[in-house]
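J.: need a structure here:
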Amino acid sequence: MSEIPLSHPRRISLETRAKLTDGVRQGITSFDGLIAHGRGEAFDYLLGEKTHGFAERAIDAAAALLISAKHAVISVNGNAAALVPRELGALSEILGKPLEVNLFHASRDRELKIREHLLVHGARQILLPDEDFVITGLASNRRFVNGQGIYRADVIFVPLEDGDRCEALIQSGRKVITIDLNPLSRTARAATITIVDNIVRALPLLLDRVKAPLEDLLKDYDNSRTLREAEAVLRDRKSMEFKL
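T.: Predicted coordinates for the structure are as follows:
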């Protein structure tokens, strides 16, 4: 990673991009993942690159659901592993719930590299997909899951998701928590709880919230309201009053 001046107005954004491109070099992130990040970054511009109240309420609800779940699993793809590996490991440890590698552009070599990357950053419980266990209604490689992980999970936290799998998981009776910068996406609209925020901001906040009892917050949470408020911010041109 080339040195980015501390005074650069786009420093955080550039550092985030650098983590992803470095992930490609390590075989963790796919080239397609870079495109997905660029799309998300465009929505982050419109959000003013900050965490809004609707995202904070979703984070509270997500923490409550993760705490109350019987068999929660934290699903990890290449972008999430590259951007927040330490936070994912810490969340797994605090909750006592496993991480599970799940990829659209999958290969066993890449899965193992992601597993090793997470281990280096402090994770301990990491599951890999098993072709004996399949999520029905899904044709991509993401249908393969671990029998002790997503296959038996009641709640799946997927920091960065694709719409097909989110819909399939919901249709199977599971609950899904996602982080998605686009409140209009199929993932955002299908999920049980959608955190409309950047993963690099949302994960540290979620880590703080899972340390406190939050069960009562879940009953008042309305995901449709979260999406409406996020969409309203995107449509408000005043949110563009920041440096690009």
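J.: which residues touch the helix or strand bottoming out on mean pLDDT in the chain?
T.: Lowest by mean pLDDT, DSSP states H and E among the helices and strands of the chain is helix 215-218, with a mean of 73. Applying Cβ atoms under 8 Å, 6 or more residues apart in numbering, the external contacts of helix 215-218 come out as 60-61, 63-65, 67-68. For the C-beta atoms, the positions are set from N, CA and C on the backbone; glycine is no exception.
J.: chain center to it: distance?
T.: Mean-position distance between helix 215-218 and its chain equals 21 Å (Cα atoms, centre = their mean, to the nearest Å).
J.: after that helix, next one along is what?
T.: helix 223-235 (DSSP states H and E).
J.: Next one: the residue nearest the centre of the chain from Arg228, what distance?
T.: Geometric centre of the chain, nearest residue: Pro159, 0.8 Å, by Cα atoms, centre = their mean. Pro159 sits 22 Å away from Arg228, taking Cβ to Cβ, to the nearest Å as the criterion.
J.: Ala63 too?
T.: As judged by Cβ to Cβ, Ala63 and Arg228 stand 22 Å apart.
J.: who's more crowded, those two?
T.: Taking neighbours as other Cβ atoms under 10 Å, Ala63 and Arg228 compare with Ala63 leading, 27 against 12.
J.: Quick one: residues contacting the more buried one.
T.: 206, 209-210, 212, 214, 217.
J.: top of those residues by neighbour count?
T.: That'd be Leu206 among the contacts of Ala63, by other Cβ under 10 Å, with 25 neighbours.
J.: Which per-residue confidence value corresponds to Ile15?
T.: In this structure residue 15 is Glu, not Ile. pLDDT recorded at Glu15 is 79.
J.: Now do it against Thr21, distance only.
T.: In this view, Glu15 and Thr21 are 11 Å apart by Cβ to Cβ.
J.: same deal with Tyr151?
T.: Following Cβ to Cβ, the distance that separates Tyr151 from Thr21 is 33 Å.
J.: now swap in Ile4 and tell me
T.: To Thr21, Ile4 is 13 Å away according to Cβ to Cβ.
J.: Ok, Gln148 next?
T.: In terms of Cβ to Cβ, Gln148 sits 34 Å off from Thr21.
J.: What are the boundaries of the strands in the protein?
T.: Per DSSP state E, the chain carries strands over the ranges 72-76, 99-101, 126-127, 130-134, 144-145, 155-158, 175-179, 193-195.
J.: quick check: mean pLDDT across the last one?
T.: So that's strand 193-195. If you average the pLDDT over strand 193-195, you get 97.
J.: next one: stretch 168-176
T.: Averaging pLDDT along stretch 168-176 yields 95.
J.: Begin at 556 from now on, thanks
T.: New numbering, starting at 556: the last item is stretch 723-731.
J.: Pull out the buried residues from it.
T.: 723-724, 729-731 (16 or more other Cβ atoms under 10 Å).
J.: re the thing from before, neighbour-wise, which of Tyr706 and Thr576 wins?
T.: Set Tyr706 next to Thr576 and count neighbours by other Cβ under 10 Å: Tyr706 wins out with 21 against 15.
J.: need the contact list for that one.
T.: With contact taken as Cβ under 8 Å, 6+ apart, Tyr706 is in contact with 688, 690, 700.
J.: now do 6 Å
T.: The contact partners of Tyr706, by Cβ atoms under 6 Å, 6 or more residues apart in numbering, come to 688, 700.
J.: Then Phe699?
T.: The contact partners of Phe699, by Cβ under 6 Å, 6+ apart, come to 684, 686.
J.: and if you look at Ala645?
T.: Contacts of Ala645 were listed using Cβ under 6 Å, 6+ apart, and they are Leu762.
J.: The chain: helices as residue ranges?
T.: Taking DSSP state H, the helices of the chain run over residues 566-581, 586-601, 608-623, 633-638, 640-650, 663-675, 718-726, 741-745, 754-764, 770-773, 778-790.
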